[in-house]
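Asker: With the sequence up front, the predicted model follows.
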Amino acid sequence: MNSYNVKYFDGDFTPDANWDKPEWKGVEPLAITNKILTEPLFIPTTKVKLMYNKNYIYVIFKVDDKFVRSVRTEINSPVSQDSCVEFFFTPINSKTVGYFNLETNAGGTRLIRFQKGHNIDKVQIDIEDIKSIKLAHSLPNVIEKEIIEETTWTLEYKISLKMLAKYFKITQPTKGVIWRANLYKTATDTTNPHYLAWNNIIHHDPHFHLPQFFGELKFL
């Protein structure tokens, strides 16, 4: 099981998708490297950094990619079919109570819900709460023509802990607290379909909605 140390950030900032900005200096990234289901022709290099404070969880992705396509613009549309990054997390130290799945395509369209498992007991998040997830991305909102050459794209957001607490009794992040999580890179409707995970999924029917394979987020 992978674990990642989430550093405390004494301050606040508005996401701008800048991987190299001072706020992220000194924060070690995790890598999304485990192949699920398929052996793609090209494996994107996907790195993620996380931080927190008393109000927010901050997340930034950096993807060295090819064959990038992103066309879905409606909130809660099936963005995982586009070039997409995903953050699944249980905001307590448990593998059985359910999880939030936040999926975001390269154009910044969000899907988020809370659920107990794959298509089990889904709790819909209010649209205004989804919009409250402040987000920035480096690519255009829509990429209709697939970008076949190598390209690097970034996506950054911050999630309000107060908003999450409306839908689940979270454990407030502080030093020593552990959440469970997995992070993914996916693309279904491209010429290079792939499904990559941070924590490996060893299962007879592997898919992303298996919280027993979530790793640990350890808050510092």
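Answerer: Great, that's in hand.

Asker: can you pull the contacts of Arg72?
Answerer: By CB atoms under 8 Å, 6 or more residues apart in numbering, the residues touching Arg72 are 78-79, 81-82, 105, 107, 109. Backbone N, C-alpha and C define where each C-beta goes, glycine included.

Asker: What helix or strand is it located in?
Answerer: Using DSSP states H and E, Arg72 sits in no helix or strand.

Asker: Turn the contacts of Arg72 into CSV, columns for pLDDT.
Answerer: As requested, these are exported to CSV (pLDDT from 0 to 100):
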residue, pLDDT
Pro78, 97
Val79, 98
Gln81, 97
Asp82, 98
Asn105, 98
Gly107, 98
Thr109, 98
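
Asker: which two in the residues you listed are spaced the farthest apart?
Answerer: Pro78 and Gly107 (13.4 Å; CB to CB).

Asker: Just want to know which of the two has more residues nearby.
Answerer: Ranked by neighbour count (other CB atoms under 10 Å), Pro78 and Gly107 place Gly107 first, with 23 against 15.

Asker: Against Leu155, how distant is that one?
Answerer: 9 Å (CB to CB, to the nearest Å).

Asker: joint contacts of the two?
Answerer: With CB under 8 Å, 6+ apart, Gly107 and Leu155 have common neighbours His137.

Asker: Just checking, which helix or strand of the protein averages the lowest pLDDT?
Answerer: Counting by mean pLDDT, DSSP states H and E, the weakest-scoring helix or strand in the chain turns out to be strand 123-124, with a mean of 92.

Asker: That strand: how far from the chain's middle?
Answerer: 18 Å (CA atoms, centre = their mean, to the nearest Å).

Asker: Quick check: which helices or strands does that strand pack against?
Answerer: If you count contacts as 3 or more CB pairs under 8 Å, 6 or more residues apart in numbering; DSSP states H and E, strand 123-124 packs onto strand 110-115.

Asker: and the strand it packs on, which strands flank it?
Answerer: strand 99-105 (antiparallel), strand 123-124 (antiparallel) (DSSP bridges).

Asker: Count the neighbours of Ser174 for me.
Answerer: I think there's a mix-up here, since residue 174 is Thr and not Ser. 11.

Asker: for Ser3, same thing?
Answerer: The burial count for Ser3: 12, using other CB under 10 Å.

Asker: Ramachandran angles for Ser163?
Answerer: Careful, residue 163 is Met and not Ser. phi -70, psi -50 (degrees, to the nearest 10).

Asker: which residue packs closest to it, ignoring adjacent ones?
Answerer: Leaving out its chain neighbours, the residue that sits closest to Met163 by CB to CB, 6 or more residues apart in numbering is Asp129, at 5.0 Å.

Asker: in a helix, that's where that neighbour is, yeah?
Answerer: Yes: assessed by DSSP: H, G, I helix; E, B strand; the rest coil, Asp129 belongs to a helix.

Asker: From Thr73, how far out is Thr90?
Answerer: From Thr90 to Thr73 the distance is 29 Å (CB to CB).

Asker: So for those two, which sits in the more crowded spot?
Answerer: Counted by other CB under 10 Å, Thr90 and Thr73 do not tie: Thr90 has more neighbours, with 24 against 13.
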